[in-house]
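J.: coordinates only, sequence not included:
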């Protein structure tokens, strides 16, 4: 691991939360599409953030931004309709976006991205 990027560690935890939220918040039995969506997207967020701990890359960073945006709007597309679950997914998606953009904007992150952009 080259650098301590706390944003990645927090994004891994948020991804795990997103993936487990259908069971933790009680919508796994009533909203199959929302459960699959949260499970798969949460695992993808956790995996990409974990990969990003070692390799800061434009691909992983912008994929995390896209996944964060999707999870934030997904309650209106695939459910669930429970207010607590919607708020949790929206907040989690926004957190992933903010953390990822923060990391991209950091001086160390940009220097590393520029140095490896054409690799």
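T.: Good, I have the coordinates. This structure is a prediction, so every number in the text was calculated from the model and none was measured.

J.: residues of stretch 87-96 that come out buried?
T.: Across stretch 87-96, burial judged by 16 or more other Cβ atoms under 10 Å covers 88-90, 92-93, 95-96. Any C-beta I mention is one placed from the backbone N, CA and C, and that applies to glycine too.

J.: Keep only those of those that are in helices.
T.: When the buried residues of stretch 87-96 are checked against helices (DSSP state H), the matches are 88-90, 92-93, 95-96.

J.: and of these, the nearest to residue 71?
T.: Comparing those against residue 71 with Cβ to Cβ places residue 93 closest, at 3.8 Å.

J.: pretty sure that closest one contacts residue 75?
T.: No - Residue 93 lies out of contact with residue 75 (Cβ atoms under 8 Å); the separation is 9.3 Å.

J.: Would you reformat the ones in helices among the buried residues of stretch 87-96 as TSV and include pLDDT and distance to residue 47?
T.: Formatted as TSV, those follow (pLDDT from 0 to 100; distance: Cβ to Cβ, whole Å):
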residue	pLDDT	distance to residue 47
88	98	20
89	98	18
90	98	22
92	98	16
93	98	16
95	98	17
96	98	13
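
J.: ok, so of those, who is nearest residue 57?
T.: Residue 57 lies nearest to residue 96 out of those, by Cβ to Cβ, at 16.2 Å.
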